[in-house]
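Enquirer: Return atomic coordinates for the entry below.
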Amino acid sequence: MTLKSLLVPSLLLTTAWLTCGAETARTYHCSRMEVADTVMHFQINDDGRGTLIEARAGIVGLKERQGLSKGAWGLEWSDGLRLELRTGNTAYADPTDVRYMRIRATRADSVLFDKTFSKAFEAEPDKANTIIVDRKPDGTVTLAGGRRVPEKLGSFHAPVAAPLTRVSLFAEGKVSVRGAVSEYEKDNARTLQTPHTLETLKERFRESKDAKEGFWQYFDRENNPEYARMGGRYTIATVAEPDGSYTIIYIDGAQVKGAEWRPGMMKGKLVPTIFAGQFDLEWVDAEMVTMTRDINARIEQDALLTVEFPLLKTRMRFSKMPRKLWDN
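Expert: Residues are numbered from 1 along each chain as shown. Reported below is the predicted structural model:
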């Protein structure tokens, strides 16, 4: 998968490091500004699935000197992990001198990562560089960065004891900040969970007078596998809402991500139209991503529910389960 920039269109960046096919959310924390000897705090959303941070900045008016420069910038997390970018000279004022960027990660008194780069990064004054930090729940921290096209720089281990709540961008000296953004993988399984359980649904349906409420089991399908693959042979439930819509609840039958789908999770929504029995459809696919465009559904004779995905050349039908099949 191609890495695409979240900050500068001409750069390549982040999202490929998150789980392939996962739905992500990102937050832009700041735009271009100059700061000096300061720390900017950003709230991040980390529910234990890992967070990726990207920042781009450059030191203003940087003066060359032997060894490491006085100016620096970097990132620091709420658990104490600190990542610093600082330029240096190998032999200042000598023909053999090479300018470099040192990237060092520390926590408390421990140095977790310490490398110098002479080609990937821009070490000249007033030039910006990008750093990307991908922190995984297992403690793996992967780094990428550079002047234009970010390169993978290496990785190290820094266990996360609790969900991260904040990341800070710090500046030693004057720093031109071009932007900072965080991205995390959504925990859709948790987001989709509803209060409904199999037992509460049974209790509701025993008293329901709405013929469109109830349990529905997979009946058949028409599917072009070149456009879509089937996520399972679902058993679902439909629950009437005060606004006239029906929430579709997953009960059983998932084959794709079968271990993650649990009874009571939201599988979609039927939104009524001006035509009786015809609905606009919201559908949560097998990967737990919500689809809303160019899909529809209908209920015929309160006994057959059809969900259609015309652009995907796919249709599924569900038959309503008689009470004797579920009330036991």
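
Enquirer: Remind me which helix or strand Trp73 belongs to.
Expert: strand 72-77 (DSSP states H and E).

Enquirer: Domain-wise, how is the chain divided?
Expert: According to automatic domain parsing, the chain is divided into the following domains: 15-185, 188-326.

Enquirer: quick one: low-confidence ranges for this structure?
Expert: 1-23, 46-49 (pLDDT under 70).

Enquirer: what's the longest helix in it?
Expert: Counting residues, the longest helix in the chain under DSSP state H turns out to be helix 198-207.

Enquirer: and the next element down the chain from that helix?
Expert: Downstream of helix 198-207, the next assigned helix or strand under DSSP H and E is strand 214-223.

Enquirer: in the stretch 1-150 of the chain, which spans are helices?
Expert: Read by DSSP state H, counting those that start in this stretch, the stretch 1-150 of the chain holds no helices at all.

Enquirer: quick one on the thing from earlier: got the buried residues for the longest helix of the chain?
Expert: Leu201, Arg204, Phe205 (16 or more other Cβ atoms under 10 Å). The C-beta positions use only the backbone N, C-alpha and C, and glycine is treated the same way.

Enquirer: Next up, the contacts around Lys174.
Expert: Glu34, Val35, Ala36, Ile59, Val60, Gly61, Gly71 (Cβ atoms under 8 Å, 6 or more residues apart in numbering).

Enquirer: Quickly find the element holding the residue nearest to the fifth one when sequence neighbours are not counted.
Expert: Nearest in space to Val60, with sequence neighbours left out and distances taken as Cβ to Cβ, 6 or more residues apart in numbering, is Lys174 at 4.1 Å. Assigned by DSSP H and E, Lys174 belongs to strand 166-185.

Enquirer: strands paired with that strand, and their directions?
Expert: Here strand 166-185 has these sheet partners by DSSP bridges: strand 24-30 (antiparallel), strand 33-43 (antiparallel), strand 51-59 (antiparallel), strand 72-77 (antiparallel).

Enquirer: in that strand, what's buried?
Expert: For strand 166-185, the neighbour count (16+ other Cβ under 10 Å) marks 167-185 as buried.

Enquirer: Same question for stretch 298-307.
Expert: Under 16+ other Cβ under 10 Å, the buried positions of stretch 298-307 are Arg298, Ile299, Leu305, Thr306, Val307.

Enquirer: just stretch 148-156 next, same as before
Expert: Neighbour-count burial for stretch 148-156, counted by 16+ other Cβ under 10 Å, picks out Pro150, Leu153.

Enquirer: Can I get that stretch in PDB, CA atoms only?
Expert: Listed next in PDB are the C-alpha coordinates belonging to stretch 148-156 (Å, rounded to 0.1, in the frame of the first residue of the first chain):
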ATOM      1  CA  ARG A 148      10.700  14.800   1.300                       C
ATOM      2  CA  VAL A 149       9.900  11.100   0.900                       C
ATOM      3  CA  PRO A 150       9.900   9.500   4.400                       C
ATOM      4  CA  GLU A 151      12.100   6.500   4.800                       C
ATOM      5  CA  LYS A 152      11.800   3.800   7.400                       C
ATOM      6  CA  LEU A 153      14.300   4.500  10.100                       C
ATOM      7  CA  GLY A 154      14.100   1.600  12.500                       C
ATOM      8  CA  SER A 155      12.100   0.400  15.500                       C
ATOM      9  CA  PHE A 156      12.400  -0.200  19.200                       C
END
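
Enquirer: Tell me who's in contact with Asn89.
Expert: Glu64, Arg65, Gln66, Gly67, Asp97, Val98, Arg99, Tyr100.

Enquirer: The third one and Tyr100, how far apart?
Expert: Spelled out, that is Gln66. Relative to Tyr100, Gln66 is positioned 13 Å away (Cβ to Cβ, to the nearest Å).

Enquirer: Mind listing what's buried along the strand holding Trp73?
Expert: Using 16+ other Cβ under 10 Å as the test for burial, strand 72-77 gives Ala72, Trp73, Gly74, Leu75, Glu76, Trp77.

Enquirer: Can you list the neighbours in contact with that strand?
Expert: Contacts with strand 72-77, where a contact means Cβ under 8 Å, 6+ apart, come from 39, 53, 55, 57, 59, 82-86, 131, 133, 135, 164, 166-173, 175, 177.

Enquirer: hey, where'd the strands end up in the stretch 1-150 of the chain?
Expert: 24-30, 33-43, 51-59, 67-68, 72-77, 82-89, 99-107, 110-117, 129-135, 140-146 (DSSP state E, counting those that start in this stretch).

Enquirer: orientation of the third one relative to strand 140-146 in degrees?
Expert: The reference is to strand 51-59. 30 degrees (axes from the mean of the first three to the mean of the last three Cα atoms, to 10 degrees).

Enquirer: Report the buried residues of strand 51-59.
Expert: Counting neighbours by 16+ other Cβ under 10 Å, one finds that the buried residues in strand 51-59 are Thr51, Leu52, Ile53, Glu54, Ala55, Arg56, Ala57, Gly58, Ile59.
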